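attaching a predicted model along with its sequence, questions to come.
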Amino acid sequence: MKNLTQHFLTLCLLVAVNTSSFASDVSFDFISSSPVGSWQLREQIDTDHKGRQTAMLMRTSMIAKEDRNGKPHYWIEVGMDSFKISKKGKRKANGKRLVMKSLVPESTLIGDPANVLTNLVAFSVETIMQNGDSKPMRMTNAGGFMDGAMKMMNAEIKYDFQSQGNESVTVQAGQIDTHKIRGTGSVDMKLLFKKLHIDSDTTIWISDEVPFGTVKMHGTAVTNGKSSEQLGELLEYSASGAVSEITQAPEDMPVIPKLGELFGG
């Protein structure tokens with residue numbers, strides 16, 4: 001339970017930083033570009049204000065379509081591996097592999113790229129998580145939990161994305177024609193009794209040739225005066241072959257502690 005709580009604290013912070021509104025001229029149809037069975041693998045490298053680096057490998061897969069309460073939903077799974085990078089460039093695993101499978105309404109995947117690019121978990125009606133070899137745990141209404149956590153942290157978010165036109169980019173997965181989007185904004189919140197102010201500037205390159213769209217990203221952030229940089233690129237992708245890594249039947253997550261307990265209250 002402790003590891004899952006830590007992961008949710010991290011996710012809450014990510015949602016706060018990335019929650020965004022897109023310009024009216026930016027739209028993306030994830031349903032057509034991400035058929036069931038499709039997947040993508042991308043890498044993101046973060047450099048903090050002291051020059052320390054961490055890497056994250058993220059495999060995003062479209063697992064299945066399911067009707068829930070008479071409406072179409074999709075199971076989308078994200079597997080994440082984190083690494084510390086030494087000054088010599090060597091990588092060391094930083095924690096166990098985390099796999100999160102979320103059931104997301106089809107309506108959130110149509111038109112607005114923000115929902116999938118930034119805060120997918122916030123829209124899920126059910127989420128199954130597995131940390132390493134531990135038993136998978138199921139949480140219903142994860143979006144409600146995230147919303148409650150954001151309110152608990154008194155998060156104030158000002159963020160907006162704007163179209164920057166079309167651009168062909170070359171990443172490890174190849175040369176891909178993309179649409180370039182730039183987002184700027186700020187977040188104010190309180191996390192574990194510490195006030196955070198984050199100013200961020202992020203550029204994302206997306207393509208309807210690629211499952212889930214994301215081809216490349218570059219971002220900078222200043223958190224309480226300390227700067228950091230994020231670089232990400234697409235490594236591999238395919239329109240077929242995706243299967244869930246979660247093979248055991250999940251258990252229902254124990255009653256979640258009160259938000260005040262999670263955040264030290």
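Structure received. Residues are numbered from 1 along each chain as shown.

which parts of the stretch 1-150 of the chain are strands?
Here the stretch 1-150 of the chain has its strands, by DSSP state E, counting those that start in this stretch, at 28-29, 39-47, 53-68, 71-85, 91-93, 98-105, 110-111, 126-131, 137-140.

can you list contacts of the second one?
Pointing back at strand 39-47 there. Under the contact criterion CB atoms under 8 Å, 6 or more residues apart in numbering, strand 39-47 has outside partners 53-62, 85, 210-212, 214, 217, 228-238, 241-242. The C-beta positions use only the backbone N, C-alpha and C, and glycine is treated the same way.

now the buried members of these.
Neighbour-count burial within those applies to 53, 55-62, 85, 210-212, 214, 217, 228, 230, 232-234, 237, 242; the criterion is 16 or more other CB atoms under 10 Å.

hey, least reliable of the strands of the stretch 1-150 of the chain by pLDDT?
The minimum mean pLDDT among the strands of the stretch 1-150 of the chain belongs to strand 110-111 (a mean of 68).

show me what the mean pLDDT comes to for the helix or strand where Tyr159 lies.
Following DSSP states H and E, one finds Tyr159 within strand 156-171. Across strand 156-171, the average pLDDT comes to 85.

what's across from the closest residue to Ala55 other than its chain neighbours in the sheet?
Leaving out its chain neighbours, the residue that sits closest to Ala55 by CB to CB, 6 or more residues apart in numbering is Phe83, at 4.5 Å. On the basis of DSSP bridges, Phe83 is bridged to Ala55, Ala93.

Asn94 is in contact with Phe83, isn't it?
Yes: using CB atoms under 8 Å, Asn94 is in contact with Phe83, at 5.6 Å.

of those two, which one has the most company?
A count of neighbours by other CB atoms under 10 Å puts Phe83 above the other of Asn94 and Phe83, at 18 against 13.

wait, what's in contact with the more buried one?
54-57, 91-94.

quick one: those as CSV, columns for distance to Arg182 too.
Output for the contacts of Phe83, formatted as CSV (distance: CB to CB, whole Å):
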residue, distance to Arg182
Thr54, 24
Ala55, 24
Met56, 22
Leu57, 25
Arg91, 30
Lys92, 33
Ala93, 33
Asn94, 30
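
re earlier: the strands of the stretch 1-150 of the chain: which one's closest to Ile206?
Among those, the nearest to Ile206 by CB to CB is strand 28-29 (6.2 Å).

name the strands paired with that closest one and say parallel or antiparallel.
For strand 28-29, the paired strands and their directions (DSSP bridges) read strand 110-111 (antiparallel).

quickly list what the nearest residue to Ser238 once chain neighbours are set aside is bridged to.
Nearest non-adjacent residue to Ser238, counting by CB to CB, 6+ apart: Trp39, 6.0 Å away. Beta-bridge partners recorded for Trp39 (DSSP bridges): Ser61, Ser238.
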